[in-house]
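>>> Output the structure for:
(one chain, ligands or ions: 1)
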Amino acid sequence: MKVSILGHGIVGKGVWEMLRSNQGYEIRNVLVKKGEKTASFMTESFETVLEDDSDLVIECMGGIDPAFEFTSKCLEAGKSIISSNKALVAAHGIDLMNIARRNGKAFLFSAACGGAIPILQNLCLARRTDEILWAGGILNGTTNYILDSMDRRGMSFEDALAEAKALGYAEFDPTADISGLDTLRKIMLISMVAYDVLPNSDYNIEGIQNVSALDFEVAKELGCTIRLVGKCGLAESGRLYAYVQPVLCDMDSAYSGIRSNINLARYEGKNSGLMSFMGQGAGRYPTASAILRDVTSVADGQKQMLTEKCLVGFPYNNSKECERNYFIRLDASTFASQIGSIPVKKVICEKGGSVFAITEAVTVKAMHDLAAELRRHGAKLFFAEKKED
Ligand code: HSE
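The predicted model follows:
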């Protein structure tokens, strides 16, 4: 197979190295940024890739512009596409799938969700013979690294983030990690593959930007730690739910056992039961290994991960399947003045000028709406789903 690569950064370089050491692949061109051509196999001109005789183009550029333009042009020119770019697939996955189908070419993107973890390809298979009740998990290495470092190493948020950046886990703009956007994009991809729905705009998203050392102190007293989890699933009504939020989980739970930058992707099939995939969710060779698996799948004849039915849809996080108890930390003065609007089940303690409490079961949407309303009034708060198991 003749292959060209768009991008020669962390992932692109790993793909290039792995393809070179695997027999059966001929690398045609590698597109690099202007001024970065240092070897004869590199080109700074996209047209050179478009006009070469490669059958397959691997996109590892990141970002949407010009990645969307380049990948669509390659598909139109009769080349298959493999992408590791979650922002591109979350924004234009359905468009690219349609262009690929129209041209009879492949469009695969395993590496865009979970690095080396084979969650998307497994969902592709499982959804054909089983009903996927829900899917998600810990899908961001940077935030897991920060939470785990704050908990076990007593580090500050800022120092832990600086380490995650230095280790190459964080996005170019780490606010995408911290705010939960990176996890959300991965949930969008999972939902497209498992449910034929690209959740658009009505999801609820809460990152880890508000977590403090005090939250870990109180969590520890409860025998818990904190993780960031994304989830999507089908409610009984048949409607999709999709959200990202911190979770307060017992120290002996599967989520608590996920340390450092490791990811834990999971789904529950009606017949298979709970399936868990744990491993490196980022980094050069883990991500490149998922791309190489997609290359093999293209060689074996796989064309798509998305079905023709895949459409944009609006998640609904207000159903009974989305009812959760929450751990909440609120500054004491707001707590006193807003007590009527907060469904408190039990006050845990008062510490450092804040009140810590567990709420009655409320829906994900109700909790995120309440937090937004309290913040509009200037409240400083942190909340996390309190997992009972
Ligand atoms: N910034 C991402 C993470 C990279 O930390 O998981 C892999 O998607």
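>>> In the stretch 201-350 of the chain, which residue sits closest to the ligand?
residue 282 (3.4 Å; Cβ to the nearest ligand atom). Heads up, the C-betas are built off the backbone N, CA and C, glycines and all.
>>> Near residue 34, how many other residues are there?
Residue 34 has 7 neighbours, counted by other Cβ atoms under 10 Å.
>>> now the closest residue in space to it that isn't next to it in sequence: how far from residue 50?
Once flanking residues are discounted, residue 34 sits nearest to residue 44: 5.3 Å by Cβ to Cβ, 6 or more residues apart in numbering. With distances taken as Cβ to Cβ, to the nearest Å, residue 44 is found 13 Å from residue 50.
>>> which of these two has more neighbours?
residue 50 (18 against 12).
>>> what's residue 368 in contact with, if anything?
Residues near residue 368 by Cβ atoms under 8 Å, 6 or more residues apart in numbering: 204-206, 243, 245, 317.
>>> for residue 358, same thing?
For residue 358, the contact set (Cβ under 8 Å, 6+ apart) comprises 325-328, 344-346, 348, 386.
>>> can those go into TSV with extra columns for pLDDT and neighbour count?
Shown next, in TSV, are these (pLDDT from 0 to 100; neighbours: other Cβ atoms under 10 Å):
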residue	pLDDT	neighbour count
325	97	19
326	98	26
327	98	24
328	97	25
344	95	14
345	95	13
346	95	10
348	97	16
386	95	21
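>>> got a markdown table for these, with secondary structure and distance to residue 300 too?
Shown next, in a markdown table, are the contacts of residue 358 (DSSP: H, G, I helix; E, B strand; the rest coil; distance: Cβ to Cβ, whole Å):
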| residue | secondary structure | distance to residue 300 |
| --- | --- | --- |
| 325 | strand | 46 |
| 326 | strand | 46 |
| 327 | strand | 47 |
| 328 | strand | 50 |
| 344 | strand | 56 |
| 345 | strand | 53 |
| 346 | strand | 55 |
| 348 | strand | 54 |
| 386 | strand | 45 |
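>>> Closest to residue 253 out of those residues?
Taking Cβ to Cβ as the measure, residue 386 is the one of the contacts of residue 358 closest to residue 253, at 11.6 Å.
>>> rewinding a little: for the contacts of residue 368, could you give me TSV that also reports pLDDT and neighbour count?
Output for these, formatted as TSV (pLDDT from 0 to 100; neighbours: other Cβ under 10 Å):
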residue	pLDDT	neighbour count
204	96	24
205	98	16
206	98	22
243	97	29
245	98	24
317	95	24
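>>> Make CSV out of those and add secondary structure.
As requested, the contacts of residue 368 are arranged in CSV below (DSSP: H, G, I helix; E, B strand; the rest coil):
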residue, secondary structure
204, strand
205, strand
206, coil
243, strand
245, strand
317, coil
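>>> same for the one helix or strand residue 334 maps to, what does it pack against?
If you go by DSSP states H and E, residue 334 is part of helix 332-338. Contacts defined by 3 or more Cβ pairs under 8 Å, 6 or more residues apart in numbering; DSSP states H and E place helix 332-338 against strand 354-359.
>>> Which element is encountered next along the chain beyond the strand it packs on?
Per DSSP H and E, strand 354-359 leads on to strand 362-363 as the next helix or strand towards the C-terminus.
>>> Could you pull up the mean pLDDT of that next one?
Summarised as a single mean, pLDDT over strand 362-363 is 97.
>>> What pairs with it, parallel or antiparallel?
strand 323-331 (antiparallel) (DSSP bridges).
>>> got the CA coordinates for the partner strand in PDB?
Output of strand 323-331 as PDB, limited to C-alpha atoms (Å, rounded to 0.1, in the frame of the first residue of the first chain):
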ATOM      1  CA  GLU A 323     -30.400  11.000  38.100                       C
ATOM      2  CA  ARG A 324     -27.400  11.200  40.400                       C
ATOM      3  CA  ASN A 325     -26.400  12.300  43.900                       C
ATOM      4  CA  TYR A 326     -23.800  15.000  43.900                       C
ATOM      5  CA  PHE A 327     -20.900  16.000  46.200                       C
ATOM      6  CA  ILE A 328     -20.900  19.700  46.300                       C
ATOM      7  CA  ARG A 329     -18.600  22.400  47.800                       C
ATOM      8  CA  LEU A 330     -20.000  25.900  48.100                       C
ATOM      9  CA  ASP A 331     -18.800  29.000  49.900                       C
END
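>>> That strand to strand 354-359, inter-axis angle?
Inter-element angle recorded for strand 323-331 and strand 354-359: 170 degrees (by axes from the mean of the first three to the mean of the last three Cα atoms, to 10 degrees).
>>> Strand 323-331: how far from the chain's middle?
23 Å (Cα atoms, centre = their mean, to the nearest Å).
>>> try stretch 350-366
Its chain's C-alpha centre and that of stretch 350-366 lie 26 Å apart, by Cα atoms, centre = their mean.
>>> ok, now stretch 317-329?
Taking Cα atoms, centre = their mean, one finds stretch 317-329 lying 21 Å from the centre of the chain it belongs to.
>>> Stretch 233-250 now?
Relative to its parent chain, stretch 233-250 has a centroid offset of 14 Å by Cα atoms, centre = their mean.
>>> how about that stretch against the ligand, any contact?
No. Counting by Cβ under 6 Å from any ligand atom, the ligand has no neighbours in stretch 233-250; the shortest distance is 12.7 Å.
>>> Alright, I will stop here.
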